[in-house]
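> this is a predicted model, with the sequence first.
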Amino acid sequence: MSHGWMQLAPYGFDEQTGLLTYLDRLSSGRVLEYRIREASGGVNVEAGRGLSATERAELRHRISWMLGLDMDFSEFYSEARREPKLSRAEKKAQGRVLRCPTLFEDVVKTILTTNTLWGATRRMTANLVAQFGEPLPEDASRKAFPTPERLARTTEARLRRETRLGYRAPYILELARSIASGALDLEVLKAGRLTTSELRKRLLAIKGVGNYAAANLLVILGRYDYLPIDSWALKMVSNEWHAGRPVTPVEVEAAFASWGKWKGLAYFVWDWSELKD
DNA sequence: GGTAGACCTGGACGC
DNA sequence: GCGTCCAGGTCTACC
């Protein structure tokens, strides 16, 4: 819950019951819904019946990635004990950032967060899913996130008209087409073989991904050396340490510099003071 | 390498 | 009802 991904389609979250849902399309082409609940020692997932062994293995792999189930934060927690503003991190098992099964989806969603309001990000994502996603067999009104191949077949004009992506439409289209054609492989970036600096270069090479978006994606990839400094970060740092005076990205960097390779994570789970009116 | 200016969209705000 | 501003930034042209 450290960022808003659970509010973006095809994720759904019920605050009353704590049920997290997600509509996914497996490589077999099967579209299904994951119903994920917290359980003792892990999570419980319902995902329909009649899955093959291959599909079950893929599903397990994808959900494990989405929830970061194999991530180890013990080193960060050890550092965080010296900072009261991070004291709840270990107790609440914070650090995991909800992510999508494919990096393609995370990149698209990150581009849709830029230069707009959160409500518009939600709307653009919902439009993309509704217009280009593959439907759930038992309820055609509910759909998975569109594949690069499906988006690659549409036109910029249709993207602009039907999803209201605005100037972001050509970025999303170019990304989808590069992946669909095989020219770009984003999934390989998850393997952890590249240095953070090299990973950042690859992300910045994507049209529509700048410093903020790259840093946000690095956090999603488990690299915390860069801060995703957006207008919200400027506002929160201003309120936290500068009595509401406007601050620059340099001052945001300075505020978290002492956290070194953990600074992106410290920023994400920081217990921010209430904004003053 | 640093920096204006343009960029879709739609909600908030002032008049 | 209308015009302006701006938001969880980025790109391009220009210096």
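Good, I have the coordinates. Everything numeric here is computed off the predicted structure, so don't read it as measured data.
> quick check: residues of chain A near DNA strand C?
A:3-4, A:113-118, A:120, A:167, A:204, A:206-214, A:216, A:228, A:230-232 (CB under 7 Å from any atom of the strand). All C-beta atoms are positioned from the backbone trio N, CA, C, and that covers glycine.
> now the buried members of those residues.
A:3, A:113-114, A:206, A:208-209, A:212-214, A:216, A:228, A:230 (16 or more other CB atoms under 10 Å).
> ok, for A:Leu194, nearest residue in space, not its chain neighbours?
A:Arg202 (7.2 Å; CB to CB, 6 or more residues apart in numbering).
> next: A:Val237.
A:Val252 (4.7 Å).
> secondary structure element for that neighbour?
helix A:249-256 (DSSP states H and E).
> helices or strands up against that helix?
helix A:231-241, helix A:263-269 (3 or more CB pairs under 8 Å, 6 or more residues apart in numbering; DSSP states H and E).
> JSON lines for those, including mean pLDDT?
Formatted as JSON lines, those follow (pLDDT from 0 to 100):
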{"stretch": "helix A:231-241", "mean pLDDT": "87"}
{"stretch": "helix A:263-269", "mean pLDDT": "92"}
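> looking at the ones you listed, which one is packed in the most?
Of all the helices and strands packed on helix A:249-256, helix A:263-269 has the most neighbours on average by mean count of other CB atoms under 10 Å, namely a mean of 22.
> just the element for A:Glu33, please.
Here A:Glu33 is assigned to strand A:31-39, by DSSP H and E.
> ok, and of the residues of chain A next to DNA strand C, which contact DNA strand B?
A:115-117, A:120, A:167.
> in strands, which of those appear?
Among these, no member falls in strands (DSSP state E).
> tell me the one among the residues you listed nearest to DNA strand B.
Distance to DNA strand B, by CB to the nearest atom of the strand, is smallest for A:Tyr167 among those, at 3.4 Å.
> where does the prediction get shaky in chain A?
A:2, A:277 (pLDDT under 70).
> in it, which residue is most central in space?
When CA atoms, centre = their mean is applied to chain A, the residue found nearest the centroid is A:Arg99 (4.3 Å).
> so where does the closest residue to A:Leu217 other than its chain neighbours fall, helix or strand?
Nearest in space to A:Leu217, with sequence neighbours left out and distances taken as CB to CB, 6+ apart, is A:Leu203 at 5.2 Å. According to DSSP H and E, A:Leu203 maps onto helix A:196-204.
> next: A:Leu151.
helix A:148-152.
> output that helix in CSV with nothing but the alpha carbons.
Provided in CSV are the C-alpha atoms of helix A:148-152 (Å, rounded to 0.1, in the frame of the first residue of the first chain):
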residue,chain,number,x,y,z
PRO,A,148,2.0,-5.1,-26.2
GLU,A,149,0.9,-7.0,-29.3
ARG,A,150,-2.7,-5.9,-29.0
LEU,A,151,-1.7,-2.2,-28.5
ALA,A,152,0.8,-2.4,-31.3
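> which helices and strands does the next helix or strand after that helix pack with?
Sequence order places helix A:156-163 as the next helix or strand after helix A:148-152, per DSSP H and E. Here helix A:156-163 touches helix A:118-132, helix A:169-181, going by 3+ CB pairs under 8 Å, 6+ apart.
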